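Student: predicted model and sequence follow; I will ask about them next.
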Amino acid sequence: MSFPFDNSYARLPARFHARLAPTPVPEPRLIHLNRGLAEELGIDPDWLGGPDGVAVLAGNRVAEGSEPLAAAYAGHQFGNFVPQLGDGRAILLGEVIDRHGRRRDIQLKGAGPTPFSRSGDGRAAFGPVLREYLVSEAMAALGIPTTRALAAVATGAPVIRETVLPGAVLTRVAASHIRVGTFQFFAARRDTDGLQALVDHVIARHYPEIGGDGGDRVRALIEAVVGRQADLVARWLLVGFVHGVMNTDNMSVAGETIDYGPCAFLDAYDARTTFSSIDRNGRYAYGQQPRIALWNLTRFAETLLPLLAADEDEAIKQAEAALATFGPRFDAAYRGGLARKVGLSELREGDAELCGDLLRLMAENQADHTLTFRLLCAAAEDPEADGPVRERFVDPTAYDGWALRWRERLAEEPGEPSARGRSMRAVNPAFIPRNYRVEAMIEAAIERNDFAPFETLLAVLSRPYDDQPEHARYAEAPEGGGVGYRTFCGT
Ligand code: AMP
Ligand code: MG
């Protein structure tokens, strides 16, 4: 058997999804296969990369045991509620239990139209597929919960966007594709039975530790989802990630980063940064992400009010209490993470201010987010290494004043400077998917059919915390701090 499928979502009631097979493509050609991930999923990578496997990855063949479906969901897009979105170009092939015993979805993105496509063509362009492949794998290597990329296949058919572009299909792997918007779909229809079935499914699948019954169980679910999301957004901020389109349909209840459309990483540190061309008001700016996560989670909790308590006031009280855990959880994750980035093993009084001041000075001096923290690792070992950090600041003396305070605080830390440098390097990546590199990679692939930049970048980004001196140029910041970089919604 090709895939060891066990499809729990397909067993949910019929109104959860539309069953249909992917639409075949004219000329499938494998661009890249994630062999390590295939093995982790219990799929033979040689088979998957061969003609039969590629036919499945292109949507030209339905594998044995697959029960393909498009999932129904709703969502708030830029704050406006859309009662029906759904998988408009994604088709879930099924689920497998991986080598670690974890249930994982295998989904094709760009597999043709579905009943949820609305005016869309159900397809994906090559550039955004390569971008999602690379960035999601980079996030995984950074240790951040994320969907993964199993394969990219060129279709041989054009897709029409602003211009005519080559088409591709991405095979995405996720803990599940259940979103805040999935809950909203049933809540909008006042389908309490559907909601209850979804709650039971999500608890069994993602939060099996939750016990109790009735409203207590639902409250525990909200708190658990809130906790994972708070941790996730803290981790995004700590590596300079801007998701770009945090609509409620793009927020996984399993706590994974999902939907890599207009996402990008900060170069120069500025909390107001937005990259997405359609995010005109900065709703999804870097520094807005915690606030927006809580807004989305509030929409999530609202869907569950009918299951929290029979009395509405009591239900609202329960929901508010669960949502109130977001702030402390996020602060602990973010502040603790920031402290570790500057070499502090625990938070003491004044540390949050010390870290906040560094960020403020970085913003005022257009310091590169990734490089500043990475160069600090050497400076923590030896003040002689201050030079390269100073150079990241428009006014290097801004760093000097801060460094004095930092060193006073470091002197109170236990442990040797070399051990401190090592632990700092484990949380401050040298390599992130630099926007200019990602663009150049896409251009080489599309314009010149040259996949060498993709392969190299993927390999470099698979070890983001290692120095890799031979690839030092991939760590470089762009000219001018990357100001003005724009991403497009990747459809
Ligand atoms: P996204 O902005 O990628 O999260 O997508 C929002 C909604 O639009 C989802 O319901 C998608 O399935 C749908 N969608 C995006 N692109 C396409 C497309 N090319 N064809 C059909 N539906 C699409
Ligand atoms: Mg989406």
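Tutor: In hand now; what should we look at? Numbering: from 1, shown residues only. Ligands and ions are numbered 1, 2, ... in the order given.

Student: name whatever forms a beta bridge with residue 76.
Tutor: Following DSSP bridges, residue 76 is listed with bridge partners residue 81.

Student: what count of nearby residues applies to it?
Tutor: Number of residues near residue 76 (other C-beta atoms under 10 Å) recorded here: 20. Placement of C-beta: from N, CA and C, glycine included.

Student: retrieve the pLDDT associated with it.
Tutor: Predicted confidence (pLDDT) for residue 76: 98.

Student: surely it is in contact with residue 82?
Tutor: Yes. Using C-beta atoms under 8 Å, residue 76 is in contact with residue 82, at 7.5 Å.

Student: and the helices in the stretch 301-450 of the chain?
Tutor: For the stretch 301-450 of the chain, helices defined by DSSP state H, counting those that start in this stretch occupy the ranges 305-308, 312-323, 326-341, 351-364, 369-381, 386-390, 396-410, 417-425, 435-448.

Student: distance to ligand 1 added to those, as CSV?
Tutor: As requested, the helices of the stretch 301-450 of the chain are arranged in CSV below (distance: least, C-beta to the nearest ligand atom, whole Å):
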stretch, distance to ligand 1
helix 305-308, 25
helix 312-323, 24
helix 326-341, 23
helix 351-364, 29
helix 369-381, 26
helix 386-390, 38
helix 396-410, 39
helix 417-425, 35
helix 435-448, 18
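
Student: residues near residue 338, how many?
Tutor: So residue 338, with other C-beta under 10 Å, has 23 neighbours.

Student: list the contacts for residue 285?
Tutor: Contacts for residue 285 (C-beta atoms under 8 Å, 6 or more residues apart in numbering) come out as 242, 271-274, 279.

Student: can I have the buried ones of these as a PyMOL selection?
Tutor: The following PyMOL line selects those of the contacts of residue 285 that are buried, judged by 16 or more other C-beta atoms under 10 Å:
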select buried, resi 242+273+274+279
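
Student: next, give me the two most distant ones among the contacts of residue 285.
Tutor: Farthest apart among the contacts of residue 285 by C-beta to C-beta are 271 and 279. That separation is 14.4 Å.

Student: and the residue of the stretch 101-250 of the chain found nearest ligand 2, what is it in contact with?
Tutor: Going by C-beta to the ion, ligand 2 is nearest to residue 250 of the stretch 101-250 of the chain, at 4.5 Å. Residues in contact with residue 250, defined by C-beta under 8 Å, 6+ apart, are 75, 179, 181, 243, 258-259, 261.

Student: would you map out the domains in this structure?
Tutor: Domain ranges of the chain: 9-74+85-174, 180-333, per automatic domain parsing.

Student: I'd like to know which of these is closest to residue 457.
Tutor: Smallest distance to residue 457 across these (C-beta to C-beta): 6.1 Å, for domain 9-74+85-174.

Student: touching ligand 2 at all, that closest one?
Tutor: No. Counting by C-beta under 5 Å from the ion, ligand 2 is not contacted by domain 9-74+85-174; separation bottoms out at 7.5 Å.

Student: where do the strands sit along the stretch 51-200 of the chain?
Tutor: Assigned by DSSP state E, counting those that start in this stretch, the stretch 51-200 of the chain shows strands spanning 69-71, 75-77, 80-82, 90-97, 103-109, 124-125, 148-160, 164-174.

Student: ok, residues contacting the fifth one?
Tutor: Which is strand 103-109. The contact list for strand 103-109 (C-beta under 8 Å, 6+ apart) reads 3, 6, 8-9, 22, 41, 57, 59, 89-98, 124, 129, 132, 150, 169-177, 205.
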